[in-house]
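**Q** Have a look; sequence and predicted model below, questions after that.
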Amino acid sequence: MTFSLRSLSARRYRIEGALPSVNDAAFAARLTDRRFQPLSPHEERTFGWVTADNCLDARFEAGSAARGPCAVFALRLDKRRVNGRLLRAMLDLEMRGRKKDAERAAEGAEGAPKRPGRVSREERAEVRRQITEELLRNTPPSMEVHPVLVYPRERMVLFGALSRPANEVFRALFSETFDVTLSALTPYHRALELLGERSGSESLAAIRRTDFGRSLLEAPATDVPAAVAARGAARPEVLR
């Protein structure tokens with residue numbers, strides 16, 4: 001489990017609303033209502049809650065997610081994507097075969113005008129749909145599992161992923177599961193909480209975003225030699 005490691009990367013959120021007790025059956029019931037369900041043959045994405053100890057276990061009982069005063073579980077997200085190049089290649093072969101069949105049928109028809117066989121737009125769309133479904137059935141899904149640590153007393157939750165898509169799914173699912181709202185608890189917002197909303201805003205008003213360094217690509221052309229020299233002085237092995 002990720003939270004048992006020495007260090008981790010996580011997004012922190014403030015819970016706005018009331019949560020059931022982590023030892024209460026209502027807490028487990030809400031997780032069960034939004035538990036992970038495997039992908040059906042025609043689905044491309046699915047997600048839901050699983051236990052923290054096993055990504056294949058989505059059974060929650062009263063107190064099963066509790067770890068002392070906290071609750072620990074995980075978000076599992078499965079995706080299945082059709083390879084676009086393979087889809088286009090299979091569709092092209094199928095359309096060639098149907099076109100030849102249409103040409104032969106036209107040549108064999110008595111009194112029929114000689115013209116290239118054509119496939120309608122509707123037929124092409126139906127063939128594409130059928131090939132897509134076949135590829136989906138034969139494509140194994142990719143799996144992501146991100147741990148979740150909830151502190152009900154502090155009204156705080158940690159989510160073990162930094163990517164925007166995963167966090168968007170997590171925030172929406174967590175809000176639907178517990179009927180609460182999550183707000184990002186960044187260092188700036190945490191400082192506001194510690195200092196107080198009014199005094200914190202005044203104390204932090206002068207803070208501005210800054211870059212701690214610029215890459216060679218970002219530096220102006222006139223600054224590149226100086227930047228290279230400075231970097232070489234700091235790391236002589238670069239110039240070897």
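**A** Perfect, I can see it now. Just so we're clear, the structure is a prediction, and the values are computed from it rather than from any experiment. Residues are numbered from 1 along each chain as shown.
**Q** Would you map out the domains in this protein?
**A** 2-80+145-194, 84-138 (automatic domain parsing).
**Q** Could I get the average pLDDT for the longest one?
**A** Mean pLDDT, domain 2-80+145-194: 89.
**Q** re the thing from before, using a markdown table, please lay out the domains of the chain together with mean neighbour count.
**A** C-betas here are computed from N, CA, C, even on glycine. Below are those laid out as a markdown table (neighbours: other C-beta atoms under 10 Å):
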| stretch | mean neighbour count |
| --- | --- |
| domain 2-80+145-194 | 16 |
| domain 84-138 | 12 |
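**Q** ok now do W49, which residues does it touch?
**A** Residues counted as contacts of W49 (C-beta atoms under 8 Å, 6 or more residues apart in numbering) are 31, 34-36, 58, 60, 73-76, 148, 173, 177.
**Q** Show me what it is bridged to.
**A** Beta-bridge partners for W49, by DSSP bridges, are R35, L75.
**Q** Please tell me how far it sits from L77.
**A** 11 Å (C-beta to C-beta, to the nearest Å).
**Q** could you pull out the helices for this structure?
**A** 25-33, 84-108, 121-138, 164-178, 187-195, 197-203, 224-234 (DSSP state H).
**Q** Quick one: list the elements packing against the fourth one.
**A** Where contact means 3 or more C-beta pairs under 8 Å, 6 or more residues apart in numbering; DSSP states H and E, helix 164-178 is packed against helix 25-33, strand 45-51, strand 70-79, strand 142-151, strand 156-159, strand 181-184.
**Q** ok, back up a step: closest to H42 out of the helices of the chain?
**A** helix 121-138 (5.8 Å; C-beta to C-beta).
**Q** Output the helices and strands packed on helix 164-178 as a markdown table; include the columns distance to T132.
**A** Below are the helices and strands packed on helix 164-178 laid out as a markdown table (distance: least, C-beta to C-beta, whole Å):
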| stretch | distance to T132 |
| --- | --- |
| helix 25-33 | 31 |
| strand 45-51 | 14 |
| strand 70-79 | 15 |
| strand 142-151 | 18 |
| strand 156-159 | 32 |
| strand 181-184 | 35 |
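**Q** Of all the ones you listed, which one is nearest E133?
**A** Of all those, strand 45-51 comes closest under C-beta to C-beta, at 15.3 Å.
**Q** L77 contacts E144, correct?
**A** Yes - between L77 and E144 a contact is recorded at 4.5 Å, counting by C-beta atoms under 8 Å.
**Q** shared neighbours of those two, anything?
**A** Common neighbours of L77 and E144 (C-beta under 8 Å, 6+ apart) are A166.
**Q** Work out which residue lies at the spatial centre of this protein.
**A** A166 (3.1 Å; C-alpha atoms, centre = their mean).
**Q** need the contact list for that one.
**A** L75, L77, E144, H146, F159.
**Q** before we move on, the earlier item: can the helices of the chain go into a markdown table with extra columns for distance to A66?
**A** Shown next, in a markdown table, are the helices of the chain (distance: least, C-beta to C-beta, whole Å):
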| stretch | distance to A66 |
| --- | --- |
| helix 25-33 | 8 |
| helix 84-108 | 45 |
| helix 121-138 | 38 |
| helix 164-178 | 15 |
| helix 187-195 | 26 |
| helix 197-203 | 32 |
| helix 224-234 | 50 |
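**Q** Please name whichever of those is nearest to E154.
**A** Closest among the helices of the chain, using C-beta to C-beta: helix 187-195, at 10.8 Å.
**Q** returning to what we had before: tabulate the contacts of A166 in a markdown table, adding columns for distance to N138.
**A** Below are these laid out as a markdown table (distance: C-beta to C-beta, whole Å):
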| residue | distance to N138 |
| --- | --- |
| L75 | 27 |
| L77 | 21 |
| E144 | 21 |
| H146 | 27 |
| F159 | 33 |
